[in-house]
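Colleague: next comes the sequence, and after it the predicted model I'd like to discuss.
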Amino acid sequence: MPELPNLLRQRLAATETGETQAHPDADTLTAYMEQSLPAAESKTVIAHLSVCEPCREVVALSQALMVQPDTQTVLAPAPAARWRRLFKPVFGAAAAVAAMAVIAVMMLQLPQKNLSHSGTTATTNSPASQPAQERQQKRQRRTKLRLSNRNQLRRHSKQTP
């Protein structure tokens, strides 16, 4: 097969020298085979091929090389693996939003839990839950303790010069 272009040139050269009729050059015949010639030039080549047997032979030999399939195969892209679809930007954004939602819920719940723990102790000691007499008694005890602590500190400070 690699010798075919040399063979084509030899045939064209032999027919050009033997006859007075101008033969189309190899590029023109190739363009004719590829059907890329303008209509007027294509008609000229067809007219020449109808009377010139060596050029018809060259075209016949060239056709064997230029056989094209009737249908072209189109390859479909291979489907992506299931785990690779998770790395798409849409899923990445969804994961980021979900993570932010979890963090926001945790941030909102933790202070409420701390308040609820301290709130339970505060509600039992809160003044609103106890009767007025008990509140007054507690105040009196606190003031007595404060006064007694102050008196003890004064005595202690006077005794230690």
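Modeller: That came in fine, so what should we check first? Numbers count the residues shown, from 1 in each chain.
Colleague: my guess is C52 contacts L29, does it?
Modeller: No - applying C-beta atoms under 8 Å, one finds C52 not in contact with L29, separated by 10.9 Å. Just so you know, the C-beta spots here come from the backbone N, C-alpha and C atoms, and that holds for glycine as well.
Colleague: which of these two has more neighbours?
Modeller: Neighbours per residue (other C-beta atoms under 10 Å) separate C52 from L29, with L29 holding more: 21 against 17.
Colleague: for that one, give me the pLDDT.
Modeller: Per-residue confidence (pLDDT) for L29: 87.
Colleague: just give the number of residues close to H48.
Modeller: 18.
Colleague: right, I mislabeled it, should have said A99
Modeller: 10.
Colleague: same thing with the one 4 residues further on?
Modeller: Counted by other C-beta under 10 Å, the residues lying close to I103 total 10.
Colleague: repeat for P24
Modeller: Neighbours around P24, by other C-beta under 10 Å: 21.
Colleague: how about low-confidence regions in the protein?
Modeller: By pLDDT under 70, the low-scoring segments of the chain are 1-21, 64-70, 85-86, 112-130, 159-161.
Colleague: this protein: helices as residue ranges?
Modeller: 4-18, 26-33, 39-51, 53-65, 89-125, 132-159 (DSSP state H).
Colleague: out of the ones you listed, deepest packed?
Modeller: The highest mean neighbour count among the helices of the chain, using mean count of other C-beta atoms under 10 Å, belongs to helix 26-33: a mean of 16.
Colleague: which other helices and strands contact that helix?
Modeller: helix 4-18, helix 39-51, helix 53-65 (3 or more C-beta pairs under 8 Å, 6 or more residues apart in numbering; DSSP states H and E).
Colleague: and the angle from the second one to helix 26-33?
Modeller: With axes from the mean of the first three to the mean of the last three C-alpha atoms, to 10 degrees as the criterion, the two stretches helix 39-51 and helix 26-33 enclose an angle of 100 degrees.
Colleague: now the helices of the chain as JSON lines including distance to P77?
Modeller: Shown next, in JSON lines, are those (distance: least, C-beta to C-beta, whole Å):
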{"stretch": "helix 4-18", "distance to P77": "38"}
{"stretch": "helix 26-33", "distance to P77": "34"}
{"stretch": "helix 39-51", "distance to P77": "39"}
{"stretch": "helix 53-65", "distance to P77": "32"}
{"stretch": "helix 89-125", "distance to P77": "19"}
{"stretch": "helix 132-159", "distance to P77": "80"}
